[in-house]
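Peer 1: Have a look; sequence and predicted model below, questions after that.
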Amino acid sequence: MIKTVSKNGKIMAKTGNEAIAEAMRQIEPDVVAAYPITPATEIVQIFSQFVSDGIVKSKYIAVESEHSALSATIAASAAGSRAMTGTSSQGLCYMSEMLYIASGLRLPIVMTDVNRAISAPINIHADHSDTMSVRDSGWIQIYSENSQDAYDNIIQAVKIAERAMLPVIVTMDGFIISHCMEVVEVYRDIDVKKFVGIYKPKRYLLDIKNPYTLGSIDLQDYYFEHRYQLAKAVVDSKKIILDVAEEFKELFGREYDLCEKYMIDDAEIAMIVLGSTAGTIKDEIKKIREEGIKIGLLKIRIYRPFPVEQVVENLKNIKVVAVMDRSDSCSGAFSPLYSDVVSSLYSHGIIDIKVVNYIYGLGGREINNLHIKNICDDLNKILLGIEKQPYEVKYVNIRKK
Amino acid sequence: MFKEMIEIRWHGRGGQGTKTAALLFAEVSLGIGKYIQAFPEYGPERMGAPVQAFNRISNYPITIHSGITNPDYVVVLDSSIIDSVSIDAGIYYSSKIIVNTSLSVMEISKQININPEQLYVVNATKIALEFIGRNIPNMPMFGALTKIINILDINDVLSIVERKIIKKFRHKPEVIKGNLISIKRAFDEVKN
């Protein structure tokens, strides 16, 4: 039988969506407002069933759009309640105006985004275009490799959000994780409830004894300071994220960090990636290592705030790196993760490392061991000086004609 | 002999319980201590349209998250899709294909040009009609796969399946019994 990591954990078969809904049942937020969208629909479908069956005491608000879903969540959070929502793709785009309001008002909302491509052309499958389009909105972004990550991340997100006074998005790849049944260790309700604790906001609008104004106009004299405070809070949340991870490990036994290192300590070439492809890369790295090639992986778990120091620390001795982006900025320059990695390195004076940008998997395009092996071969050729570092973005598994 | 990881592809038509069979196969395998994955292929979902679902079963944690291109086992719930879907895509010399059909291995082998030694047949439709009362061949094909894959004990399978479906059909005990009998019947009847 499969052993649990946590003493009181229970091994179950769950899809990513089921794992998130299970965590939400255990967290039992005061308010959930959401609008269904493929492939995130099951989360709110299952959770609303918990509400109507009386399994949770949460208030569920069925709204007519994602803009309203986040607006209602913002209002609930400002009023003083623990509030959550979930969406995907077009839904996240439609929320985008309100995303900035949630972070600007410093409301600790927790949302799941099931990563899905953005229209047009219409497509329901995984890529990171949706969350990348809101990467500068002041929300913490946590990417999940598998259903266990998604479950663990959403539980930690509640605590991170409330301590940092920042909203948090937890992501997982659409269908690849959201609809894939896997082994998930689920913790006891009592332990999850103990971990997230009771939400005690410092101040809230329904505290009628201590009235205050929220969302007032803020012009040349103070807007800049408030935006600076937001940016600083995002940077400072790294410490909070690590503290929460430590507390999580104490109670449940699983270790989390800003990044996850895989065979990178002695590596000469490395890959950097977000989300489910990290697992496929790990599988391929095990095989490539048997050929004597020193390759490693750095999985970015926390994309916002970007773990600049950890990226620098782990890459400083690497010769050639592939930065794998599952979104395309259409910028004429490079894609989001690549830009963040390279500016982290350059700002720390690390300039003699060859970094190649690969874009893969848009709209759910297959990325498998063979593609990863090919990228490894490319990197190895650059390492050995057989080929030069390309100056432009490389596209994986694409027809160019 | 248990390979490090077994990969399975299920073919059926929308409404035949293809995805349900893959999910249940994963749950049963987890029940005996295997690491599992079960995932459907998502296209436009319509009753009757060809659909696929997949399983990975392993003794070790499964980190891979890509599609399955070279399945070890292929389970075909509806032989009428053979004309329009390449059920032999990506198969290799030791892959095994199990087809729901009233035809013989030799007849199917000619139809899809596959080595008859890799083919197994069972009349799951007949079994489903007889014991479940509807043409939902997923449970009998589940039983046939259990036999051919030979990593699960049929009695474990029957007791885990009973536990899983008892909630869903608590008002229809005869359906539970019919499903279990059909699994066992196909387990006994599937042949090369």
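Peer 2: Happy to help now that I have it.

Peer 1: Which residues of the stretch 201-350 of chain A lie near chain B?
Peer 2: A:276-277, A:279-280, A:282-283 (C-beta under 8 Å from any C-beta of the partner chain). All C-beta atoms are positioned from the backbone trio N, CA, C, and that covers glycine.

Peer 1: quick one: the helices in chain B?
Peer 2: With DSSP state H as the criterion, chain B has helices at B:18-31, B:105-112, B:124-131, B:138-149, B:154-166, B:173-189.

Peer 1: Mean pLDDT, mean neighbour count and distance to chain A added to those, as CSV?
Peer 2: As requested, the helices of chain B are exported to CSV (pLDDT from 0 to 100; neighbours: other C-beta atoms under 10 Å in any protein chain shown; distance: least, C-beta to the nearest C-beta, whole Å):
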stretch, mean pLDDT, mean neighbour count, distance to chain A
helix B:18-31, 93, 24, 5
helix B:105-112, 92, 16, 25
helix B:124-131, 96, 22, 23
helix B:138-149, 95, 26, 15
helix B:154-166, 90, 16, 10
helix B:173-189, 92, 19, 19
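
Peer 1: want to throw the ones you listed into CSV with distance to A:S237?
Peer 2: Shown next, in CSV, are those (distance: least, C-beta to C-beta, whole Å):
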stretch, distance to A:S237
helix B:18-31, 36
helix B:105-112, 57
helix B:124-131, 55
helix B:138-149, 47
helix B:154-166, 42
helix B:173-189, 51
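
Peer 1: Pop the domain breakdown of chain A in here.
Peer 2: A:10-252, A:259-395 (automatic domain parsing).

Peer 1: Give me the distance from the last one to the chain's centre.
Peer 2: How far domain A:259-395 lies from its chain's middle: 18 Å, per C-alpha atoms, centre = their mean, to the nearest Å.

Peer 1: What separates the first and last residues of it, distance-wise?
Peer 2: Taking C-alpha to C-alpha, to the nearest Å as the measure, domain A:259-395 stretches 24 Å from start to finish.

Peer 1: residues contacting A:T277?
Peer 2: Contact partners of A:T277, counting by C-beta atoms under 8 Å, 6 or more residues apart in numbering or on different chains, are A:173, A:324, A:326, A:360-361, A:367, B:65.

Peer 1: Doesn't A:L370 belong to a helix?
Peer 2: Yes. Judged by DSSP: H, G, I helix; E, B strand; the rest coil, A:L370 forms part of a helix.

Peer 1: Tell me the confidence at A:I61?
Peer 2: Here the pLDDT value assigned to A:I61 is 97.

Peer 1: How about it: what's its closest non-neighbour residue?
Peer 2: A:A33 (3.9 Å; C-beta to C-beta, 6 or more residues apart in numbering or on different chains).

Peer 1: Now the residue of chain B most remote from its centre: phi and psi?
Peer 2: Most distant residue from the mean C-alpha position of chain B: B:H171, 26.1 Å away (C-alpha atoms, centre = their mean). Backbone torsions for B:H171, taken as degrees, to the nearest 10, come to phi -90, psi 0.

Peer 1: Distance check, the residue nearest to A:I61 against chain B.
Peer 2: Separation of A:A33 from chain B (C-beta to the nearest C-beta, to the nearest Å): 27 Å.

Peer 1: For chain A, which helix extends over the most residues?
Peer 2: Ranking each helix of chain A by length (DSSP H) puts helix A:223-252 first.

Peer 1: Tell me the helices and strands packed up against that helix.
Peer 2: Applying 3 or more C-beta pairs under 8 Å, 6 or more residues apart in numbering or on different chains; DSSP states H and E, we find helix A:223-252 packed against helix A:89-104, strand A:140-143, helix A:147-164, helix A:189-196, strand A:302-304.

Peer 1: My guess is the residue nearest to A:I61 contacts A:S81. True?
Peer 2: No. Counting by C-beta atoms under 8 Å, A:A33 stays clear of A:S81, with 10.8 Å between them.

Peer 1: that older thread, out of the domains of chain A, flag the one nearest B:I108.
Peer 2: For the domains of chain A, proximity to B:I108 was assessed by C-beta to C-beta; domain A:259-395 is nearest, at 29.2 Å.

Peer 1: which residues does the residue in the stretch 1-150 of chain A positioned nearest to chain B contact?
Peer 2: For the stretch 1-150 of chain A, the residue closest to chain B is A:M1, as judged by C-beta to the nearest C-beta, at 4.3 Å. Going by C-beta under 8 Å, 6+ apart, A:M1 touches A:11, B:33.

Peer 1: cool, and A:A333?
Peer 2: By C-beta under 8 Å, 6+ apart, the neighbours of A:A333 are A:S339.

Peer 1: so what's the backbone phi/psi at the nearest residue to A:C259 once chain neighbours are set aside?
Peer 2: Leaving aside its chain neighbours, A:C259 sits nearest to A:Q310 (4.8 Å; criterion: C-beta to C-beta, 6+ apart). With angles defined as degrees, to the nearest 10, A:Q310 sits at phi -70, psi -40.
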